[in-house]
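Asks: take a look and give me a structure for this.
(chains A, B, C and D)
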2 protein chains.
Amino acid sequence: MGRRRPGAPTLEEVAAHAGVGRGTVSRVINNAAGVKESTRRAVQQAIQELGYVPNLAARSLAGQRADAVALVLTEPDWRQFAEPFFSEIVRSLGDALADTGMQLLLTLVRSDAERQRFLEFARGGRVDGALLVSVHDGDLLPDMLVEAGLPTVLLGRRSGDEYVSYVDADNVGGARSAVSHLLKRGRRAIATVTGPLDMHVAQCRLRGYQEALAMAGLRGEPSWVAESDFTEESGRRAMAELIERHPEIDGVIAASDTTAAGALQALHAAGRRVPEDVAVIGFDDFPLAQQTKPRLTTVRQPLEEIGRAMVRLLLEEVEEPAVAWHHVILRTELVVRESA
Amino acid sequence: MGRRRPGAPTLEEVAAHAGVGRGTVSRVINNAAGVKESTRRAVQQAIQELGYVPNLAARSLAGQRADAVALVLTEPDWRQFAEPFFSEIVRSLGDALADTGMQLLLTLVRSDAERQRFLEFARGGRVDGALLVSVHDGDLLPDMLVEAGLPTVLLGRRSGDEYVSYVDADNVGGARSAVSHLLKRGRRAIATVTGPLDMHVAQCRLRGYQEALAMAGLRGEPSWVAESDFTEESGRRAMAELIERHPEIDGVIAASDTTAAGALQALHAAGRRVPEDVAVIGFDDFPLAQQTKPRLTTVRQPLEEIGRAMVRLLLEEVEEPAVAWHHVILRTELVVRESA
DNA sequence: GTGAAAGCGCTAACAT
DNA sequence: ATGTTAGCGCTTTCAC
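Replies: Sure thing, here's the model as predicted:
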């Protein structure tokens, strides 16, 4: 196996070169206080001259920390990864971590073998914590990580009584406000294209839809609900079904911007005019939603804030043994555009 | 910062528990030869009972190796990441590494700051090597890594005289054979939708296109070439331009399956029949190419093999100080479907 | 075949 | 403010 570049200068050599003790060098590279400005400069020069780079393994071993966190993607069908949702989340997490000096490591866990390998990686102390996204309802990886003592934060609950720390958006409220919006504008025949119903987030949005209808004294019949898997294609298909079942349809809540785009296509294909005949509201507010014609009204999740919150929860737990799990549910916001 | 779970059992405790020396335990967990079967079992049982997991930092420090390699994505516009090409490459690399016991770490390098951070990470010995994909022509990160003594393998050259180890496909030959295929079937008005021409791979494919035309005594005028950025949208736009400039067009080589899909849309929109009026050949052979109507003829790159080759080159270099760089150029293959 | 001992390069606690 | 020291948990000789 691979050997680390040998002749690399060590902290000890830097100390000798600068004519100081090892402790002082350590303080300088860690920006610790209590070092005379002149010695600090001398050490920094020695570091420069020798091209010294700290050995991270040694630092981990001595410091009992890894200075890295893993973003774990459990999506087996990792085309989902292609969705803007993921890239935005990654960007947001990367930005949030940039200040902390922690490395963000993306790891893919698609099989049980990989799951096992990641567990050893984490238990072996190579990361200080794990961030998990798109965890499916039955997945036990979070529990295993928690049991291994690793700080863990989920993006999205697996169920209504999730205990592991998580950050989630108010999906029920978001769906409810979308439906209310349509009701206020006189729409009455409102359908919904849901996400995969084995994911809690999709169930929540469906519930919000149903609740809003119920509050208005309407009944949400199953025939007004069609399931998608968040892709454009499945949105198209689901919408086509709904149109067939209910030609009188005048409003739709779609599971994502991508699904909404698919729904728009199906509506156009069926000769419906949007938003005149049918109003469409999508979840998430990405370029797609802003580019489609007409531009979509959306339920926006504050992705920037999601990343910040996840990192904050994780680091708190990393700093000190946590006595409790923390849950953050971010408000969603209706971004109204001409389509509704 | 974070502390590693304290009470974790150490190798020493396992040794005590099993009534053997530390060295023996080390041999057992590393599957080293020369341990009596009975002691091996005793040690394994102790490991089980204590729930022992090796401390990877200590192992790195003592063993001078990290047992991990980084897959570095330098794509600043990381929507590219969404393309099936990336997910397939990642899958392929993951599979190739699975046997070796190495962890694959995905790291995103979008800014200069992140570039610097990754360099320290690598020079700090947290990975044994780096695999780089989609490196743009002017990017100096590979050179910096090589200079830092880190085994490095590129997917795709940055230029014709790349020296850093790389694995690439025969893009020139692939494009040439695609054009020849069309010529043989009587097509004469052949255009091409290229990838971004600041990437060497796109230049190579363009050259193959031009060469094949030249060999047939035809001239590849610039007006028959339109540039895309590998996305569907840009493929649509480029194709629309070409149609306008050359209504007599009867064949197209597209930069990817995604671009080809865009090109198909533009052709349909213009009322052309494919493949009767116009034959379309795409690079890469992903589900998209196989689902479009008509199913596309494609220039296939052996992605499985690309991953294997990259890992092989990297590990060789990791095993022992390399005295040379190695370049592998994989043959491409024309997958003929009804569209041509 | 197995145990003992010497580091790997760093941090942090303790002296000075 | 700075030098010194004792580990962190493992791999790897080297004896036995």
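
Asks: mind showing which ranges of the stretch 51-200 of chain A have poor pLDDT?
Replies: A:76-82 (pLDDT under 70).

Asks: do a quick rundown of the helices in it.
Replies: Ranges of helices in the stretch 51-200 of chain A, per DSSP state H, counting those that start in this stretch, are A:56-63, A:84-98, A:112-123, A:141-147, A:171-184, A:200-215.

Asks: so which of these is nearest B:Phe121?
Replies: For B:Phe121, the closest of the helices of the stretch 51-200 of chain A is helix A:56-63, at 7.2 Å, according to Cβ to Cβ. C-beta here means a position set from N, CA and C on the backbone, and glycine is covered the same way.

Asks: can I get the CA coordinates of that closest one in CSV?
Replies: Taking C-alpha atoms only, helix A:56-63 is exported to CSV below (Å, rounded to 0.1, in the frame of the first residue of the first chain):
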residue,chain,number,x,y,z
LEU,A,56,-3.0,15.1,9.6
ALA,A,57,-2.9,11.5,10.8
ALA,A,58,-0.6,12.5,13.7
ARG,A,59,-2.8,15.4,14.4
SER,A,60,-5.9,13.2,14.4
LEU,A,61,-4.3,10.7,16.7
ALA,A,62,-3.0,13.2,19.2
GLY,A,63,-6.0,15.5,19.0
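
Asks: for that helix, list every residue counted as buried.
Replies: For helix A:56-63, the neighbour count (16 or more other Cβ atoms under 10 Å in any protein chain shown) marks A:Leu56, A:Ala57, A:Ala58, A:Arg59, A:Ser60, A:Leu61, A:Gly63 as buried.

Asks: contact partners of that helix?
Replies: Helix A:56-63 has contacts (Cβ atoms under 8 Å, 6 or more residues apart in numbering or on different chains) with A:66-67, A:125-126, B:1, B:55, B:57-58, B:60-61, B:66, B:121, B:124-126.

Asks: report the entries of the residues you listed that also contact DNA strand D.
Replies: Near DNA strand D, judged by Cβ under 7 Å from any atom of the strand, the entries from the contacts of helix A:56-63 are B:Asn55, B:Ala58, B:Leu61.

Asks: show me which residues of chain A sit near DNA strand C.
Replies: A:8, A:10-12, A:22-23, A:26, A:29-30, A:52, A:54-55, A:58-59, A:61-63.

Asks: buried ones among those?
Replies: A:Ala8, A:Leu11, A:Ser26, A:Ile29, A:Tyr52, A:Pro54, A:Asn55, A:Ala58, A:Arg59, A:Leu61, A:Gly63.

Asks: from the residues you listed, pick the one nearest A:Glu114.
Replies: Ranked by distance to A:Glu114 (Cβ to Cβ), those are led by A:Leu61 at 25.8 Å.

Asks: quick check: the closest one vs B:Gly63, distance?
Replies: Distance check for A:Leu61 against B:Gly63: by Cβ to Cβ, to the nearest Å, it reads 12 Å.

Asks: which residue sits closest to A:Val127, ignoring its sequence neighbours?
Replies: Counting by Cβ to Cβ, 6 or more residues apart in numbering or on different chains, A:Val127 lies nearest to A:Ala70, which is 4.5 Å off, once chain neighbours are set aside.

Asks: neighbours around A:Glu248, how many?
Replies: Counted with other Cβ atoms under 10 Å in any protein chain shown, residues neighbouring A:Glu248 total 8.

Asks: just the pLDDT for it.
Replies: For A:Glu248, the model assigns a pLDDT of 96.

Asks: tell me the contacts of it?
Replies: Applying Cβ under 8 Å, 6+ apart, the residues near A:Glu248 are A:Ala189.

Asks: backbone torsions only: list them for the closest residue to A:Leu183 other than its chain neighbours.
Replies: Spatial nearest neighbour of A:Leu183, chain neighbours left out: A:Ala216 (5.3 Å); criterion: Cβ to Cβ, 6+ apart. Torsion angles at A:Ala216 (phi, psi; degrees, to the nearest 10) stand at phi -90, psi 10.

Asks: wait, A:Ala216 touches A:Lys184, no?
Replies: No. Applying Cβ atoms under 8 Å as the test, A:Ala216 and A:Lys184 come out as separate, 9.7 Å apart.

Asks: closest one to chain A out of the ones next to DNA strand D among the contacts of helix A:56-63, please.
Replies: B:Leu61 (4.3 Å; Cβ to the nearest Cβ).

Asks: how far away is the nearest residue to that closest one once chain neighbours are set aside from B:Arg117?
Replies: Distances taken as Cβ to Cβ, 6+ apart put A:Ala57 closest to B:Leu61, at 4.3 Å, once the chain neighbours are dropped. Shown here: A:Ala57 relative to B:Arg117, a distance of 17 Å by Cβ to Cβ.

Asks: ditto for A:Pro196
Replies: 36 Å.

Asks: just the pLDDT for the residue nearest to A:Leu183.
Replies: Value for A:Ala216, per-residue pLDDT: 94.

Asks: what about it, how many residues nearby?
Replies: Around A:Ala216 there are 14 residues (other Cβ under 10 Å).

Asks: residues contacting the closest residue to A:Leu206 other than its chain neighbours?
Replies: Using Cβ to Cβ, 6+ apart and skipping the chain neighbours, the partner closest in space to A:Leu206 is A:Thr194 (5.0 Å). The contact partners of A:Thr194, taken as Cβ under 8 Å, 6+ apart, are A:Ala202, A:Arg205, A:Leu206, A:Val225, A:Ala226, A:Glu227, A:Ser228, A:Ala255.

Asks: repeat that with 6 Å
Replies: Neighbouring residues of A:Thr194 by Cβ atoms under 6 Å, 6 or more residues apart in numbering or on different chains: A:Ala202, A:Leu206, A:Glu227, A:Ala255.

Asks: tell me the one among those nearest to A:Arg245.
Replies: Nearest to A:Arg245 among these is A:Glu227, at 13.5 Å by Cβ to Cβ.

Asks: list the beta-bridge partners for the closest one.
Replies: Note on A:Glu227: beta-bridge partners A:Thr194, judged by DSSP bridges.

Asks: give me the neighbour count for it.
Replies: By the measure other Cβ under 10 Å, the count of residues near A:Glu227 is 18.

Asks: distance of it from A:Leu242?
Replies: From A:Glu227 over to A:Leu242 the distance is 11 Å, taken as Cβ to Cβ.

Asks: any shared contact partners between these two?
Replies: Counting by Cβ under 6 Å, 6+ apart, A:Glu227 and A:Leu242 have no contacts in common.

Asks: neighbours around the closest residue to DNA strand C within the stretch 201-340 of chain A, how many?
Replies: Here the residue of the stretch 201-340 of chain A nearest DNA strand C is A:Glu319; by Cβ to the nearest atom of the strand that distance is 12.4 Å. A:Glu319 has 13 neighbours, counted by other Cβ under 10 Å.

Asks: that's all I had, so thanks and see you.
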